[in-house]
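Undergrad: Structure for the following, please:
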Amino acid sequence: MLSILQPMRRVTLVLAVLAVLPLAAAYAADWPQYRGADQTGISNETVNLAWPAAGPKVLWKVPTQNGFSSFAVAGGKAYIQVNREIGGEAREICVALDAATGKELWFADVGAGKYDSGGDTGAPDNKGGDGPRSTPTISDGLVYVSTQDLVLHCLDAQTGKPVWTKDLVKEFAGRNIGWKSAASPVIDGDLVFVAGGGPGQSMLALKKKTGDLAWKSQDETITHATPVVATILGERQVVFFMKSGLVSLAAKDGKLLWKLPFDFKVSTAASPVVSGDIVYCSAGYGVGSAACKIAKDGDHFTATQLYKIPGDKLIANHWSTPCAKDGYLYGMFSFKKFGTGPMKCVEVATGAIKWEQPNFGAGNAILVGDKIVALSDTGEVVIVEAKPDAYKELARFKAITGKCWSTPALSDGRLYVRSTKEGTCLDVSGK
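TA: Below is the predicted model of the structure:
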């Protein structure tokens, strides 16, 4: 009898372990770059967003002096870029924190920290705080940090020590933009994608381990928007948002796949949003929004404009990139309506507004399952149902003070948000 029971016990144990594994896999996902692992701003973690009246538990809160960098989280560490005075001089700093406690583990000085005050605007009682605009990217034990001066640093994730550096202006005849670069480096596979080089090398793919050039492509001029990597109609591609409009390149070799002309005025800062075979883009300063449908005939791609809605009133996104779910966009749609601008739900294929709710300002939102996790520009975290029929608010919590132009990050049951004054980590694990 014992010989029969032992195999049965082993089978029972294996089944128990297998039953737990999917929960763990859904629970402990990294958020290793701007807007998450796949840049959609969407998390598949199972977390608790049904908060008590007092809000979720605050695990830690630390100073995050100036800037609009979002948290990136991987390997038990949370990374962010801030402005810090060193030796009497303002410097741009990458900081690594213990993700569980907020304890600073190391910092790396990556460049000059003087800015042109382009980020000092805001609501009358919520101005200032200009600083780094880029978000670190983490991959395979390395941290990639892009500065306002188009210098890309690769650092060791454990120590912050430099591994390699590429100066796009000096090495690729780079051309910066007014208010300087705000885009974050993007990792896909073994490549890191950046823009800002000169003619014939405006968009670059570098080997992430060594910084060696993998490919260079096109003659374009950068905006402040971070590119997006996505698979569209079976082709892995990098969609850059340049001054000429959307420019999509094959991720493997930089071959031009398609373009969508789009106006540029002063600044384009929101990333493109891919929803199936539709790509959405938007900008402020009266430009508005557009979407195109991508088609493929053999190896030939085309981008056909579905609509173009000019102006700031309807569906303009300044730097707040919306998230796409089931054919709808959710996020902050406004231009310079600091403290008052609305969150909206917009049908991506038509541009039709399904609902809107005021007083989110120039914050940002992510999607977690069927919930929107929104960070208002005044530091409130708001949970909303991601449904197109109506705005339904589920919870609200004043998480931080200061001006919030950054994007929330979710990893391992912890929600990370920051302002120009402080960053905090909230326990949403439900444990």
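Undergrad: Select the helix or strand of this structure having the lowest average pLDDT value.
TA: helix 2-27 (a mean of 40; mean pLDDT, DSSP states H and E).
Undergrad: Can you name the element that comes right after that one?
TA: Following helix 2-27 in sequence order, the next helix or strand is strand 42-43 (DSSP states H and E).
Undergrad: which residues touch that next one?
TA: With contact meaning CB atoms under 8 Å, 6 or more residues apart in numbering, strand 42-43 is reached by 29, 31, 36, 323, 325, 366, 367, 368, 369, 410. The way it works is simple: take the backbone N, C-alpha and C, and place the C-beta from them, glycine included.
Undergrad: starting at the chain centroid, how far to the helix or strand following it?
TA: Downstream of strand 42-43, the next assigned helix or strand under DSSP H and E is strand 57-63. Relative to the chain's own centre, strand 57-63 is displaced by 21 Å; criterion: CA atoms, centre = their mean, to the nearest Å.
Undergrad: Which residue ranges of the stretch 251-400 of the chain form helices?
TA: Counting by DSSP state H, counting those that start in this stretch, the stretch 251-400 of the chain has no helices at all.
Undergrad: got any ranges where the stretch 201-350 of the chain has weak pLDDT?
TA: By pLDDT under 70, the stretch 201-350 of the chain has no low-scoring segment.
Undergrad: Strands of that one, start to end?
TA: Remark: strands assigned in the stretch 201-350 of the chain by DSSP state E, counting those that start in this stretch are 203-207, 213-217, 228-232, 235-242, 245-250, 256-261, 273-275, 278-283, 288-297, 300-309, 323-325, 328-332, 343-347.
Undergrad: looking at those strands, which is closest to residue 121?
TA: Nearest of these to residue 121, taken as CB to CB: strand 328-332 at 15.6 Å.
Undergrad: okay, the angle between the closest one and strand 343-347?
TA: 160 degrees (axes from the mean of the first three to the mean of the last three CA atoms, to 10 degrees).
Undergrad: and strand 328-332, which strands flank it?
TA: Here strand 328-332 is paired, per DSSP bridges, with strand 323-325 (antiparallel), strand 343-347 (antiparallel).
Undergrad: can the contacts of strand 42-43 go into TSV with extra columns for distance to residue 311 and neighbour count?
TA: Output for the contacts of strand 42-43, formatted as TSV (distance: CB to CB, whole Å; neighbours: other CB atoms under 10 Å):
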residue	distance to residue 311	neighbour count
29	38	18
31	34	28
36	30	26
323	23	23
325	25	21
366	27	26
367	27	22
368	31	22
369	33	14
410	33	26
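Undergrad: Local confidence estimate at residue 29?
TA: For residue 29, the pLDDT comes out at 89.
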